[in-house]
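> Predicted model follows, preceded by the sequence.
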Amino acid sequence: MTNHTYTHSHPLRLTIFGQPRTKSNIRSSVWSKKSKRVIQFKDPEVAAYELGIAGQARQQLEKLGHTDRDIPVFLGPVVASFRFYFQRRPTNSDVANYFKSAADALNGIVWLDDKLIVRIHGEKFHDKLRPRIEVEVWEFEEVSDENPEAD
């Protein structure tokens, strides 16, 4: 039998200040007469938002002692928890869309790629004065209950 466990007793914790945004409007399209196809590109506002998340994460990681900008903190499977705090009460928003935007922004910084997230937890809250995203990340490891020496 295999159990799943987190190998760090204390997770990596980051707080990204600012109003959370979704990934739903991330792409804009333009018809290219030259190539005769639709070209999609990141919406400049969303691209700036993701750069802001990345910048805040890098600053916090440097304060925690992670100074090598070329190597993400986690290179293998991780568990991530996201808490999104909004200025207005979130009603019709889908937490998965907020997760995608924040997770993509942390690629290459916190984890190599967000496809390494094997378990995720997300919640939405209201905080009129301090909109933000709180992120916690643990390294993920499978541990077998079977004892190979018991044979």
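Sure thing, it's come through.
> mean confidence for stretch 86-93?
The pLDDT scores in stretch 86-93 average 81.
> Show me what counts as buried in it.
For stretch 86-93, the buried set under the neighbour-count rule, 16 or more other Cβ atoms under 10 Å, comprises F86, P90, S93. All C-beta atoms are positioned from the backbone trio N, CA, C, and that covers glycine.
> what's the following helix or strand after the lengthiest helix in the chain?
For the chain, the helix that runs over the most residues, judged by DSSP state H, is helix 44-63. Once the chain leaves helix 44-63, the next helix or strand it forms, by DSSP states H and E, is strand 78-86.
> Listing partners with orientation, what would you give for that following strand?
When sheet partners are counted by DSSP bridges, strand 78-86 sits next to strand 117-126 (parallel), strand 132-144 (antiparallel).
> where does the residue most central in space within the chain land on pLDDT?
Central residue of the chain (Cα atoms, centre = their mean): A103, 2.3 Å from the mean position. Here the pLDDT value assigned to A103 is 96.
> residues near the nearest residue to it once chain neighbours are set aside, how many?
Nearest residue to A103 in three dimensions, chain neighbours excluded: D114, at 3.9 Å (Cβ to Cβ, 6 or more residues apart in numbering). A count of nearby residues for D114, using other Cβ atoms under 10 Å, gives 19.
> Equivalent analysis for V73, please.
By the criterion of other Cβ under 10 Å, V73 has 19 neighbours.
> ok, now R13?
A count of nearby residues for R13, using other Cβ under 10 Å, gives 12.
> same question, V135
Per other Cβ under 10 Å, the neighbour tally for V135 reads 24.
> Ok, G52 next?
Residues lying near G52 (other Cβ under 10 Å) number 15.
> and it, what is it in contact with?
Counting by Cβ atoms under 8 Å, 6 or more residues apart in numbering, G52 makes contact with I16, G18.
> What score does it have for pLDDT?
In this model, G52 is scored at 96, pLDDT.
> how much space is there between it and W31?
Per Cβ to Cβ, to the nearest Å, G52 is found 30 Å from W31.
> Pairing partners for W31 in the sheet, please.
Beta bridges link W31 to V38, judged by DSSP bridges.
> how close does it get to P44?
Distance of W31 to P44, computed by Cβ to Cβ: 19 Å.
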